[in-house]
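>>> Here is my input, please return the structure:
(3 chains)
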Amino acid sequence: MKAEFGRLLLSWYAIHARSMPWRGKTDAYAIWVSEIMLQQTQVNTVIPYYNNWMQKFPTVQALAAADEHEVLNAWEGLGYYSRARNMLKAARQVCDKYQGVFPSSSEELRRLPGIGRYTAAAISSIAFGANEAVLDGNVKRVLARVYEFSEEVNTPEGEKKLWLLAAELLPRGEASAYNQAVMDLGATICTPKSPDCANCPVNSICLSYKHLCQGEFPVMHEKPPVPHIDVVAAIFRQNGKVLIARRPSKGLLGGLWEFPGGKLEEGESHAEALTREIREELGVEAAAVEKFGVYRHAYTHFRVTLQAWFAEIEGGQPTALEASELRWVKIEALGDYPMGKIDRSISNDLQK
DNA sequence: GAGCCGTGGTT
DNA sequence: TAACCAAGGCT
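Predicted coordinates:
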């Protein structure tokens, strides 16, 4: 039964494998770039970023020689920006410690920043043919349905058992194709909602299909509700330039640029919050002048409604008290500065 | 080890 | 519309 799963999947994959720019390659750098980009990110989103990245940074040496600003510019819009910062660190480590050649074992790969258990197994199997099974969201869903895995798949205990099951199912010598086959199946057939069981290559051995209970798997541990916060941002204009601040390199949107501002406190108006935040952040007195726009955005753990206001500094020179850097930038040049989605929207609207 | 970390697609 | 979730890792 367990060997049959792999055989069915490999036969299906030989015909139905999706086409991707990194598929068929065994260059560890190319596989690494694709796997980091694919973390929590769908294939179709990754493809244009991958192509642009490989053109800009074709080798690990080229990436190691880049600076963080360039790297974040190439990453802008992909999210989870620590991935980009960690890639730069890892590229430099590969050049310094491994003479620019990626290590082939998952143990050594995992020592590089940004490479965890999944990514180490993916790179070692796809680039080097190692007998390592992967476990990601797709594999969890497929295994949970095929084997009616009744424990929560997103808890340490559930994951521990699924890693063992994944390893048992791995057809030795076929790890590269097999791993990609399970993930393709999860992405195209065994989807989270309304899976296409009629066309599934493993429906003959799938227990939840047999019992028509696909909707009950995988069992997920409930996630806490996401809070909503109100935020204000200040647009200071001076001689055709606007003031932007670079966020600290750690934490949310680390290293990206933004219009200064912050959260409203209880009972505070946007204008009051703007004055307070600018005093705390830039060390100057400022006043909101005119509302520019309202922006909404959903992050993973909270939702934001942001009001952007034109504002004026009433005295003093802005200092980077909380930001890592401040800069007056021509509106036409805002595109050169990596930003998160909301601040990019503000920038684009300012250029209209 | 539980919470943090983005954005876009899908339903 | 709002919720879900995606080729996860870090602290």
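>>> residues from chain A in reach of DNA strand B?
A:40-42, A:44-45, A:77-82, A:155-156, A:191, A:193-194, A:224, A:251-254, A:297-301, A:340-342 (CB under 7 Å from any atom of the strand). (Each C-beta comes from the backbone N, C-alpha and C, glycine too.)
>>> check the residues you listed against DNA strand C, which are close?
A:Q40, A:T41, A:Q42, A:Y80, A:S82, A:A298, A:T300.
>>> so who does A:T275 touch?
Going by CB atoms under 8 Å, 6 or more residues apart in numbering, A:T275 touches A:E285, A:A286, A:A287, A:A288.
>>> OK, contacts around A:K2?
Going by CB under 8 Å, 6+ apart, the list of residues near A:K2 reads A:E168, A:L169.
>>> what's the spacing between it and DNA strand C?
Applying CB to the nearest atom of the strand, to the nearest Å, the value for A:K2 to DNA strand C is 22 Å.
>>> Any residue of stretch A:134-149 touching DNA strand C?
Yes. Looking at stretch A:134-149 against DNA strand C by CB under 7 Å from any atom of the strand, the contacts come from A:D136, A:G137, A:N138, A:R141.
>>> Centre-most residue in chain A?
Geometric centre of chain A, nearest residue: A:Y80, 4.0 Å, by CA atoms, centre = their mean.
>>> That one belongs to a strand?
No. Looking at A:Y80 with DSSP: H, G, I helix; E, B strand; the rest coil, it is coil, so not inside a strand.
>>> ok, back up a step: take the residues of chain A next to DNA strand B and, keeping just the buried ones, write it as a ChimeraX select command.
Of the residues of chain A next to DNA strand B, the buried ones go into a single ChimeraX selection, burial set by 16 or more other CB atoms under 10 Å:
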select /A:78,79,81,253,254,340,342
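>>> Please flag which of the residues of chain A next to DNA strand B sit within strands.
A:H297, A:A298 (DSSP state E).
>>> circling back to that earlier point, turn the contacts of A:T275 into CSV, columns for pLDDT, neighbour count and distance to DNA strand C.
Listed next are these as CSV, based on pLDDT from 0 to 100; neighbours: other CB atoms under 10 Å; distance: CB to the nearest atom of the strand, whole Å:
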residue, pLDDT, neighbour count, distance to DNA strand C
A:E285, 97, 13, 36
A:A286, 98, 25, 32
A:A287, 98, 14, 32
A:A288, 98, 21, 26
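>>> of the residues you listed, closest to DNA strand B?
For the contacts of A:T275, the residue nearest DNA strand B by CB to the nearest atom of the strand is A:A288; the value is 23.8 Å.
>>> Just say helix, strand or coil for that closest one.
The three-state assignment at A:A288 reads strand, by three-state DSSP.
>>> ok, it - contacts?
Counting by CB under 8 Å, 6+ apart, A:A288 has contacts A:V232, A:A234, A:H270, A:A271, A:L274, A:T275, A:W309, A:F310, A:A311.
>>> Measure how buried the first one is and give me the count.
By the other CB atoms under 10 Å criterion, the neighbourhood of A:V232 contains 29 residues.
>>> which SSE is it in?
Applying DSSP states H and E as the criterion places A:V232 in strand A:228-238.
>>> Any buried residues in that strand, and which?
Buried residues in strand A:228-238 (16+ other CB under 10 Å): A:V231, A:V232, A:A233, A:A234, A:I235, A:F236.
>>> picking up where we left off before, quick one: which of the contacts of A:A288 sit in helices?
Among those, the members found in helices (DSSP state H) are A:H270, A:A271, A:L274, A:T275.
>>> what are the ranges of the strands in chain A?
All strands of chain A, identified by DSSP E, fall at A:228-238, A:241-246, A:257-258, A:261-263, A:285-298, A:303-315, A:325-330.
>>> Sheet partners, orientation included, of the second one?
What it means is strand A:241-246. In the sheet, strand A:241-246 lines up against strand A:228-238 (antiparallel), strand A:257-258 (antiparallel), strand A:325-330 (antiparallel) (DSSP bridges).
>>> now these in JSON lines, with mean pLDDT?
Shown next, in JSON lines, are those (pLDDT from 0 to 100):
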{"stretch": "strand A:228-238", "mean pLDDT": "96"}
{"stretch": "strand A:257-258", "mean pLDDT": "98"}
{"stretch": "strand A:325-330", "mean pLDDT": "98"}
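>>> Can you name the residue of chain A nearest DNA strand B?
Residue of chain A nearest DNA strand B, by CB to the nearest atom of the strand: A:G79 (2.4 Å).
>>> Now do A:M1, the pLDDT please.
Looking at A:M1, its pLDDT reads 67.
>>> same thing with the one 3 residues further on?
You'll see A:E4 listed with a pLDDT of 94.
>>> ok, the strand holding A:V232 near DNA strand C or not?
No. Using CB under 7 Å from any atom of the strand, strand A:228-238 never reaches DNA strand C; the gap is at least 9.1 Å.
>>> and that strand with strand A:285-298, angle?
Angle, strand A:228-238 to strand A:285-298, by axes from the mean of the first three to the mean of the last three CA atoms, to 10 degrees: 130 degrees.
>>> Could you export strand A:228-238 as PDB, CA atoms only?
Taking Å, rounded to 0.1, in the frame of the first residue of the first chain, the C-alpha atoms of strand A:228-238 are listed here in PDB:
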ATOM      1  CA  HIS A 228      -7.800  45.500  13.600                       C
ATOM      2  CA  ILE A 229      -5.700  48.600  14.100                       C
ATOM      3  CA  ASP A 230      -5.900  52.200  12.900                       C
ATOM      4  CA  VAL A 231      -2.800  53.900  11.700                       C
ATOM      5  CA  VAL A 232      -1.800  57.300  10.500                       C
ATOM      6  CA  ALA A 233       1.100  58.300   8.100                       C
ATOM      7  CA  ALA A 234       2.500  61.700   7.500                       C
ATOM      8  CA  ILE A 235       3.500  63.100   4.100                       C
ATOM      9  CA  PHE A 236       5.900  66.000   4.500                       C
ATOM     10  CA  ARG A 237       6.600  67.900   1.300                       C
ATOM     11  CA  GLN A 238       9.600  70.200   0.700                       C
END
